[in-house]
Each structure stands twice: as C-alpha cells, then as structure tokens.
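[1] Dropping the sequence and predicted coords here.
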Amino acid sequence: MKIIQFTSVMLLLTIFTNPLLADITIKPHIGYFFPRMGDVNSKIETDILTFRDIFGEPIPQPGKISGNPMYGAQIEYHLNEDYFLNVNVAYYQDKSNVFHQSFTDPSLFLNYKREVQFYDVMFNLLYFINYNSWRRFNKYMGLGIGVVLANAHSVTETNHPALPLNSRGDFTGNSLSAIISVGGKYRLTTFSYLWGEIGLEYGNMGPLDGKVTTLDHPEKRDAITESSFDFTGIYLRIGIGMKV
C-alpha cells in the first residue's frame, strides 16, 4: 500500500512540476461496477440455507455482492497525437447483511454481515482513433495495468441454542490488475468535456488473510477466508474532464 501511495505522489509531483508536461486534465468520475464474486456469494447462500434449517424459518436472503456504485478520479496526460496516459484511482463498496428474529421465540436472533471495500490504482494507455482536439466527439480504446486492494469484514452472530456463534473477522488482500476498455469524449468547451467508458477489469485476489474472533476464542487469531474474492468484472463510468 505504501509503495502505491509513494508511486502516485511522485507521479503527481512530476506532472505538476515539469513545465514540459503542459497538457494535463483532471477527470472525476462516477460509475457502476459488477464484480464476479461467485465464490463469496455461493458461501453466503450456503450459510443462509444452514441457518434456515436451524431456525426452521424462512430467513430473508441478505442479497448478493454483485454490483454497486464506484467513485474515482483520473489525472490524464496527452502523450502525442493519438495517445493519452492516465492514472486512475477508484473506490467501490458493497455488502450482504441480514438481521433476523425468530418468529416463534423473538429472543432468538441471527446477525449476519458481509461487507467489502475495493480500491484500485491503474495506469492506462488510451489510443484515440484519429484524435482531433476540435472534433466534438472522439472515441478511444484503452489498456491498463495496476494494483487492486480489498478489505472485507464479516459478522456471524446468533444465540440459537442449536448453534450459538459470535464470529467476527477483518481481512485484507491485493492483486495485480488489468483493464481493457472503450470510451469516448464529448467536447463542451476548449477546456472541458464529458466522457464515458465501459471496460472489463481483472482482479482475482483469491482467499484473503486476516484476523478473527469467535465465541470460544475471543482473542484475535490469524485466519484465511473460506471464499475466494474475485473482483473481476465489468464497469461503466462517466465523468467530466477539466484541463489544468
């Protein structure tokens, strides 16, 4: 994480202190991310089926970790006629939670939480097809490489006598990532434009490492998630570009 922060800061300092790098654009954006997360969602479904059997009741489905808004920003530099280079930083979070009280005995409950946070730092090369700064609309293809980081938090708590539990965990992971994308820019003024992009991002971290506490062992212990965290997925984003 410190290496990523240092690299990003040094790149920004280089961009803003070098007089030769004059064509810089700031690009905040908002979008939607659809990560695969198949193994995680399968484990959630299995857990809820188990608790339905224990309670003998139709516990509500907590929902899947399968899509939520994503926020971020880019700093982009015009390399030459048709090529642009940018650094993208983005953030995504999602959750799958349910709290259930027994219908037959309201003193019995289930508190089930699964929450994830996802960050990426990507270096992207964009190729514009016959780029012209005065053209109203320019389209491009992009390739990117970088690093993705994830945090996951879990709570499984129930006082049902058949299976009393109080398990809590915090996990982290990281992975190299790659992006392939297509997009376009729509010029508003000489110094600003709207832009949009759709792409596929690879980011399979596998199981995450972390710490857990349980009812039998309240002290924190090293643990690995039972599920593989695959953040590979399709994203959509739109934003505005403003030249510095």
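    Here it is on my side, so go on.

[2] how close does the residue lying closest to Asp209 once chain neighbours are set aside sit to Leu79?
    Spatial nearest neighbour of Asp209, chain neighbours left out: Ile224 (5.8 Å); criterion: Cβ to Cβ, 6 or more residues apart in numbering. Heads up, the C-betas are built off the backbone N, CA and C, glycines and all. Distance, Ile224 to Leu79, using Cβ to Cβ, to the nearest Å: 42 Å.

[3] and what of Tyr140?
    According to Cβ to Cβ, Tyr140 and Leu79 sit 13 Å apart.

[4] So what's the gap between stretch 229-244 and the chain middle?
    10 Å (Cα atoms, centre = their mean, to the nearest Å).

[5] Buried residues of it, list them for me.
    Neighbour-count burial for stretch 229-244 flags Phe229, Asp230, Phe231, Thr232, Gly233, Tyr235, Arg237, Gly239, Gly241 (criterion: 16 or more other Cβ atoms under 10 Å).

[6] Would you mind writing the CA trace of the helix or strand containing the last one as PDB?
    Secondary structure assignment for Gly241, by DSSP states H and E: strand 233-243. Extracted as PDB, the C-alpha positions of strand 233-243 are listed here (Å, rounded to 0.1, in the frame of the first residue of the first chain):
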ATOM      1  CA  GLY A 233     -16.000  -7.600 -13.600                       C
ATOM      2  CA  ILE A 234     -17.500  -5.100 -16.000                       C
ATOM      3  CA  TYR A 235     -17.600  -1.400 -15.100                       C
ATOM      4  CA  LEU A 236     -19.400   1.600 -16.500                       C
ATOM      5  CA  ARG A 237     -18.300   5.200 -15.700                       C
ATOM      6  CA  ILE A 238     -19.000   8.700 -16.800                       C
ATOM      7  CA  GLY A 239     -17.300  11.900 -15.800                       C
ATOM      8  CA  ILE A 240     -16.100  15.400 -16.800                       C
ATOM      9  CA  GLY A 241     -12.600  16.400 -17.900                       C
ATOM     10  CA  MET A 242     -11.100  19.700 -17.000                       C
ATOM     11  CA  LYS A 243      -7.800  20.900 -18.300                       C
END
